[in-house]
Structure formats: C-alpha cells, structure tokens
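Novice: have a look; sequence and predicted model below, questions after that.
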Protein chains: 2
Amino acid sequence: MDIIYVTGNKGKIELAKMIYQDLDVNIIQENMETPEIQSMDCVDVAKFSAEYAANLLGKPVMKNDSGLVIEALNGFPGALAKYAEDTITAEGFIRLMQGVENRKCYWVEALAYCEPNHEPVCFVSLSYGTISKSVRGNRGYDYDKIFIPDGDSRTFAEMTEEEQLKCFDTKAYKDLYKYLLTH
Amino acid sequence: MDIIYVTGNKGKIELAKMIYQDLDVNIIQENMETPEIQSMDCVDVAKFSAEYAANLLGKPVMKNDSGLVIEALNGFPGALAKYAEDTITAEGFIRLMQGVENRKCYWVEALAYCEPNHEPVCFVSLSYGTISKSVRGNRGYDYDKIFIPDGDSRTFAEMTEEEQLKCFDTKAYKDLYKYLLTH
C-alpha cells in the first residue's frame, strides 16, 4: 500500500521506510507546509495538520508530531518541545529539574492519518526514560543529551545513532498499518 | 465605530472598553473558538486567528494574543506563556533565571485586525520590566508574581489591579483606532 507522508524532514521519511521495510508499504513524501496548532498534546497537533493537508490535497495522508513529556514538570514541554529546546536549551531543563527526585519522562510520537472530509485517526508510540542530572554526550539534539532511555544508563547523545533508534517504540507505525489493512 | 472583538475572556472585553472609553469605539464581544498556531510570536498567533475568524464570520474582527519575552531565555516563553505558566509555574522561571544577571523582559500584546478575504494587520504594545529574584505577592497569575514593571520595585502581584493596569502600554489599541479612522 502507498502512504503519503506529509513532512519536509528527510530523516522522518527514512525512519518510516526503515520501520515499514518488511511490510508492503510504500512511503511517498509530500513536502508541504501545514499549520500547527498551539497545544501541548502531540495528538491534537498531528490530527489538525493531517486533516488540513488531507483536505487541501484531496488525498489521504499521514502526519507525525513528537514531543517530550516530563512528569515532574506537569507534562512540559510536550508538543512544544522544539520551542523549549531552541530557547531554554538542555541546560534550562537541568536547572528546572535540579533537586527533583521524580525524573520520569517519555517521548511521544503521534501518527495521525486522515482522508479528505473525514475525521482524523491517531496512533501513539511512547518511549520511556529519565532526565539525566547533567548535560551528557555530544551527538544529536539538546534532548538527546538529557534523555536516558529505560534499560540503559547512557543518554541518547552517548550512544550511536543506530543504538538510539532501537530505543524508540514503533507501535504507532504498526497500529496505523493494521488500521489501513482493515479499512 | 463598532469593533468586533473575538474572545471568550470578559476581562479582555472590559480592558478594551476601558482603553477606548474616551473614543467613539463600541466594542462588541464575539465569543467564538479560533485555532491558535504554534509560534513564539504573538503577532503570528493573533494574525492567524483574526484571519480565521474574519473569514468564518464574514465580518471584520479584532483578535489579541499576549505573551512574555525574557531576553536571557532567548525569548522564551513568548506566545507560549500560558503553557509554561500551567506547567513549570512561577517557581520554574525563578529556577531558570537563577544567577542570571540580565533579567530584562517585556509583555507583548498583539492586536490583529482582519477583514474577510484580506490580509490581517497587527499592532503591538510592549510593556518593559525585569524578572524578580523570587516569587513575590499573592494576587493574580503566576507571571504577576515575578514581573517587576520598569519604574517600580514591586511585582504586579504586590500592586492593586488598578495600579497594575496603569503599567501596561496601550499603544496597540490606539494604533488600531488610528488605522480604522483612515481606512
């Protein structure tokens, strides 16, 4: 089956192709801009953008949104992760979490799928971890330097990219595939 | 002149009426939900919502968006102020600013105006201040407890509401009025 994936990010396309490599899925990139709504919930953000793109293109599309949920910060930054990263940076998160015992957090990946003039559906992957006590490692984004996935003692930035990718839950992709087989 | 103000917030309506009380402006509340786009820039957020509302209602409308810009945090939280307040709270900002010398910040109020099928215009008020070194005062929102307006040594939360209102710049409202007189 063909799935049109709305994103300007080549890394996202490659990741989807890798996850779907053993299934009869053909990922087609659609590089269009979509408005993102203000919400801390990746599901709301992905659904809105998917519906917008599906209605504009007149085709069914997939759209992702991802974010970081930190329990002790009441879910901050959530879907607003990129803005927080660009401004307060990894160091800001270490300050916010100084002396905080509960360091639990998770990455959210929301995959929304929408057909034109239909309600969007959405599937979610959660990858659990903890926030490190200092900024560690040199590779990747700011969050990679403070996120320690469950089952490891290293931050993502202290792993290779391959090791990091294996830590991410891919449930959302598989659930979307199952949904498409039965609809 | 009549101005339709899209907001569900009665406080915003009262504020606009108070600012416009000596001018021939009649503020009419339109209590509709509009999508807010993800951006740290209040101007972008207000413009998008105003355009959406104007096209849906088929009438010219005014829409506001406000936020807090902290220099040392690279503009954070900007238009995302309400999400940051709900999650990291005033205490989180004090942590983020611990030991930071440059405490300059400003409130932004963006007032967008849009006619159906036209580009929105936007006018901006900036109210300057500094971030306090601790959470101070009991009244108002979280930001009121950490924002010291220039020319005073108290946080907003240590003033009366009347004193606080006098500290806000109202340039955007006056600029919008002038615009409407000449268009």
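Specialist: Right, received. Where do you want to start?

Novice: which parts of chain A sit against chain B?
Specialist: A:35-40, A:45, A:48, A:73-80, A:83-84, A:86-89, A:92, A:95-96, A:98 (Cβ under 8 Å from any Cβ of the partner chain). C-betas here are computed from N, CA, C, even on glycine.

Novice: and with 6 Å instead?
Specialist: Contacts of chain A with chain B, taken as Cβ under 6 Å from any Cβ of the partner chain, map to A:35-38, A:40, A:73-76, A:80, A:83, A:87-88, A:92, A:95-96.

Novice: buried ones among these?
Specialist: By neighbour count, with 16 or more other Cβ atoms under 10 Å in any protein chain shown, these hold A:35-38, A:40, A:73, A:75-76, A:80, A:83, A:87-88, A:92, A:95-96 as buried.

Novice: among the residues you listed, which pair sits farthest apart?
Specialist: For these, the maximum inter-member distance is 31.9 Å, found between A:Pro35 and A:Arg95 (Cβ to Cβ).

Novice: what is the nearest of the residues of chain A next to chain B to B:Ser125?
Specialist: Closest to B:Ser125, out of all of the residues of chain A next to chain B and judged by Cβ to Cβ, is A:Gln38, at 20.8 Å.

Novice: ok, that closest one touching B:Thr34?
Specialist: No - if you go by Cβ atoms under 6 Å, A:Gln38 and B:Thr34 don't touch, sitting 10.8 Å apart.

Novice: returning to that earlier point: so which of the buried ones among the residues of chain A next to chain B sit within strands?
Specialist: Members of those lying in strands (criterion: DSSP state E): none.

Novice: and those, which is closest to A:Ser134?
Specialist: Minimum separation from A:Ser134 among those (Cβ to Cβ) is found for A:Arg95, which lies at 11.0 Å.

Novice: the closest residue in space to A:Arg136 that isn't next to it in sequence: neighbour count?
Specialist: Taking Cβ to Cβ, 6 or more residues apart in numbering or on different chains, and ignoring the residues beside it in sequence, A:Arg136 has A:Thr155 as its nearest neighbour in space, at 4.6 Å. For A:Thr155, the count of nearby residues is 26 (other Cβ atoms under 10 Å in any protein chain shown).

Novice: let me see the contact set for A:Thr155.
Specialist: Shown here is A:Thr155, whose contacts under the criterion Cβ atoms under 6 Å, 6 or more residues apart in numbering or on different chains are A:Ser132, A:Arg136, A:Gly137, A:Lys145, A:Ile148.

Novice: could you list which of those belong to helices?
Specialist: Secondary structure from DSSP state H places none of these in helices.

Novice: buried subset of the residues you listed?
Specialist: A:Ser132, A:Arg136, A:Gly137, A:Lys145, A:Ile148.

Novice: quick check: the third one vs chain B, distance?
Specialist: In this case it means A:Gly137. 22 Å (Cβ to the nearest Cβ, to the nearest Å).

Novice: tell me the buried residues in the helix ranked longest in chain A?
Specialist: Criterion DSSP H: the longest helix present in chain A is helix A:42-57. Of all the residues in helix A:42-57, those buried under the rule 16+ other Cβ under 10 Å are A:42-54.

Novice: near the closest residue to A:Gly151 other than its chain neighbours, how many other residues are there?
Specialist: Of all residues beyond its chain neighbours, the one nearest A:Gly151 is A:Cys167 (7.8 Å), with distances taken as Cβ to Cβ, 6+ apart. Close neighbours of A:Cys167, defined as other Cβ under 10 Å, add up to 19.
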